[in-house]
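got a structure for you, letters missing:
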Ligand code: ADP
Ligand code: MG
């Protein structure tokens, strides 16, 4: 390892030279109190900024990161604290392009496992991006010296040295994480698919902001569905326990149905203090299903829902480059089953009607055997009874699902009411088919090398110029998760795909690897697609299955 003096000398040597000379700085430097690693230097001032890492001796007590949920919360807190200090440090652009910009991984309302700050017994490791400064394409080494020797270590020191101010905030963040974790464990013990605490603020500020709505009607559980949990820090919290089985959410248009379901969707992640959904917690495997016209399907068994297509196509091994509403939703359903989802979340608004129901009159007009689709409603009970898979479904206009529901919740001017009894009197018999475990996702994935993965916002990425459309994956919450997929999928295709394993097997394998070895085990050191955050097996499989070139 080199010393900080050597770095200073090197900076003097390359000052005013062409930008490429910055490359010679890649390496590790000891600064006494910390180590600076310049992992990757950008090619020019306008490119993605250079990747830099700082390694400090850790002064934060181990109790803050001894369990997985606490570690995620503490690291998330430190990252947000770093953002504050980077902003208050008066950092500004110095020169052309991204010169002088110092940034760390962005954060949103969710607490995700990230790689930007990593705590261990010995060290705090911080990953940042620094735009190495230039005027035109000429190195401005003096500016970089000010950043690497002044601004950056100063901001980092203020962020990572343990003291009373930090302790208080860290206590709060980790206490919240303990309470959230407690609810997650309680869901399993009490047979619940989700918990929505009284007082939660479910609606968001706007369609483009995930911040809480200001004058929202706070959530309150009906008495009949209320559960009170004794949280380790906060004490008793009452809320709606959404039981395993089948829950149908009804109500007039604009009464808050989709808002409740969306909150439940996001409840697979923990939220930060002040979000309003801190105590909305959902089974971590829950998957939002929807229609997704146009997606590709690679050898998936959708025959449970669709068979006898007029074309004679084999739906046990269904392949298409351009799925319809119903075939896409069928594929989404069985892919969720393939990666072990225990709860399916469905909104009528975003579903294919013919996948969801088939009404009597239509059944009389067009005989069953002429209709290739057996709707979801015919399997919903068996999915639960035989496979243990619950459904939470929003049904505003079709009454059919009332007949199969265990619980019916009505949203009435944003107030939840239990209308199960009343709904029961209206219920009609629905013939039920049997859902059986199968090998849903069949295509053996051949090995493949991807040269270039790029992230274009949270909803699209590309592998060697082939776009992968992730727009309909409503549980991807930010771009850092898309960035993770941009590393994980190429890693899997290059190293684990062997022409035998299916995409579902690859996704499960990735999930295990990330759990055991961390996300960094699949991210190259000179990562180029942005700072990654943890994604679930569900989203990994979804991404693989939407990649048209596998
Ligand atoms: P639905 O699915 O029943 O048609 P939505 O869930 O889409 O209704 O909600 C309709 C509107 O009401 C949205 O703009 C949403 O932000 C707002 N909204 C939802 N819940 C609340 C609430 N608890 N307090 C205030 N506004 C809400
Ligand atoms: Mg709606």
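Ah, there it is. All values reported here derive from a predicted model rather than from experimental measurement. Ligands and ions are numbered 1, 2, ... in the order given.

Run a quick neighbour tally on residue 240.
27 (other CB atoms under 10 Å). For the C-beta atoms, the positions are set from N, CA and C on the backbone; glycine is no exception.

where does it land in three-state SS?
Recorded secondary structure, residue 240: strand (DSSP: H, G, I helix; E, B strand; the rest coil).

Would you mind measuring from it to ligand 2?
Plainly put, residue 240 is 18 Å away from ligand 2 if you go by CB to the ion, to the nearest Å.

for that residue, which residues make a bridge with it?
residue 196, residue 226 (DSSP bridges).

my read: it touches residue 224, true?
No. The pair residue 240 / residue 224 is not scored as a contact, 9.7 Å apart, by CB atoms under 8 Å.

Give me the nearest residue to the residue in the stretch 451-550 of the chain positioned nearest to ligand 1, chain neighbours excluded.
In the stretch 451-550 of the chain, the residue that lies nearest ligand 1 is residue 474 (13.6 Å; CB to the nearest ligand atom). Leaving aside its sequence neighbours, residue 474 sits nearest to residue 288 (CB to CB, 6 or more residues apart in numbering; 4.7 Å).

Alongside ligand 2, which residues does the protein contribute?
Contact residues (CB under 5 Å from the ion) of the chain with ligand 2: 258, 349.

residue ranges with poor pLDDT in the chain?
89-93, 525-529 (pLDDT under 70).

Can you list the buried residues in the lengthiest helix in it?
Scanning the chain for the longest helix, with DSSP state H as the assignment, gives helix 164-189. Residues of helix 164-189 classed as buried by neighbour count (16 or more other CB atoms under 10 Å): 166, 170, 173-184, 186-187.

thinking again about what came up before, let me know the next secondary structure element after the helix or strand harbouring the residue nearest to residue 474.
Using DSSP states H and E, residue 288 sits in strand 287-289. Next helix or strand after strand 287-289 toward the C-terminus (DSSP H and E): strand 297-300.

which other helices and strands contact that next one?
Strand 297-300 sits against strand 318-320, helix 325-338, helix 537-546, with contacts defined as 3 or more CB pairs under 8 Å, 6 or more residues apart in numbering; DSSP states H and E.

neighbouring contacts of it?
Residues outside strand 297-300 that contact it (CB atoms under 8 Å, 6 or more residues apart in numbering) are 317-320, 323, 327-328, 331, 334-335, 440-443, 503, 545, 550.

in the stretch 351-500 of the chain, which spans are strands?
390-394, 407-412, 415-418, 453-456, 460-463, 466-469 (DSSP state E, counting those that start in this stretch).

Looking at the stretch 451-550 of the chain, which residue is nearest ligand 2?
Nearest residue of the stretch 451-550 of the chain to ligand 2: residue 474, at 12.9 Å (CB to the ion).

Correct me if wrong: that residue contacts residue 265.
Yes. In this structure, residue 474 is within contact of residue 265 by CB under 8 Å, at 6.0 Å.

wait, what's in contact with the spatially most central residue of the chain?
Nearest to the geometric centre of the chain sits residue 476, at 3.9 Å (CA atoms, centre = their mean). Shown in contact with residue 476 (CB under 8 Å, 6+ apart): 458, 459, 470, 482, 535, 539.

so how far is residue 112 from the residue nearest to residue 58 when sequence neighbours are not counted?
Nearest residue to residue 58, sequence neighbours excluded (CB to CB, 6+ apart): residue 124, at 4.9 Å. For residue 124, the distance to residue 112 (CB to CB, to the nearest Å) stands at 18 Å.

Equivalent analysis for residue 426, please.
Remark: distance between residue 426 and residue 112 (CB to CB) = 42 Å.

okay, these two: which has more neighbours?
Counted by other CB under 10 Å, residue 426 and residue 112 do not tie: residue 112 has more neighbours, with 22 against 11.

where do the strands sit along the stretch 101-250 of the chain?
102-103, 110-111, 117-119, 123-130, 134-135, 138-139, 192-197, 204-206, 209-212, 226-231, 235-243, 246-250.

Of these, give the one that comes closest to residue 61.
When the strands of the stretch 101-250 of the chain are compared by CB to CB, strand 117-119 sits nearest residue 61, at 10.4 Å.

what does that closest one rub up against?
58, 60, 64-65, 71, 74-76, 78-79, 82, 104, 124-127, 520.

Would you mind listing what in the stretch 351-500 of the chain touches ligand 1?
411, 414 (CB under 6 Å from any ligand atom).

The chain now?
Taking CB under 6 Å from any ligand atom as the criterion, the chain approaches ligand 1 at residues 202-203, 213, 216-217, 251, 253-259, 411, 414.

So what's the residue count around the residue of the chain found nearest ligand 2?
Per CB to the ion, residue 258 is where the chain lies closest to ligand 2, at 3.1 Å. With neighbours defined by other CB under 10 Å, the count for residue 258 comes to 21.

What of residue 58?
Using other CB under 10 Å: residue 58 sits among 17 other residues.

Check residue 317 too.
By other CB under 10 Å, the burial measure for residue 317, its neighbour count, is 14.

just to revisit the earlier point, wait, what's in contact with the residue of the stretch 451-550 of the chain closest to ligand 1?
Neighbours of residue 474 in contact, by CB under 8 Å, 6+ apart: 262, 265, 288, 290.

can you name the two of those that are farthest apart?
262 and 290, at 12.0 Å, using CB to CB across the contacts of residue 474.

circling back: compile the contacts of residue 476 into JSON lines and extend it with columns for distance to residue 33 and neighbour count.
Formatted as JSON lines, those follow (distance: CB to CB, whole Å; neighbours: other CB atoms under 10 Å):
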{"residue": "458", "distance to residue 33": "37", "neighbour count": "18"}
{"residue": "459", "distance to residue 33": "41", "neighbour count": "15"}
{"residue": "470", "distance to residue 33": "42", "neighbour count": "21"}
{"residue": "482", "distance to residue 33": "35", "neighbour count": "27"}
{"residue": "535", "distance to residue 33": "35", "neighbour count": "28"}
{"residue": "539", "distance to residue 33": "39", "neighbour count": "22"}
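
Could you tell me which of these belong to helices?
Using DSSP H, the contacts of residue 476 in helices are 482, 539.

State the pair within the contacts of residue 476 that is farthest apart.
In terms of CB to CB, the contacts of residue 476 reach their longest pairwise distance at 459 and 535, which sit 13.7 Å apart.

ok so, going back, just name the most buried of the strands of the stretch 351-500 of the chain.
Burial of the strands of the stretch 351-500 of the chain is given as mean neighbour count (mean count of other CB atoms under 10 Å); strand 390-394 ranks first at a mean of 26.

Return the list of helices and strands in contact with that one.
strand 192-197, strand 246-250, helix 257-266, strand 343-347, helix 380-387.

ok, and what's touching that strand?
Residues contacting strand 390-394 (CB under 8 Å, 6+ apart): 193-194, 242, 244-250, 257-258, 260-261, 264, 283, 286, 342-349, 380, 383-384, 401.
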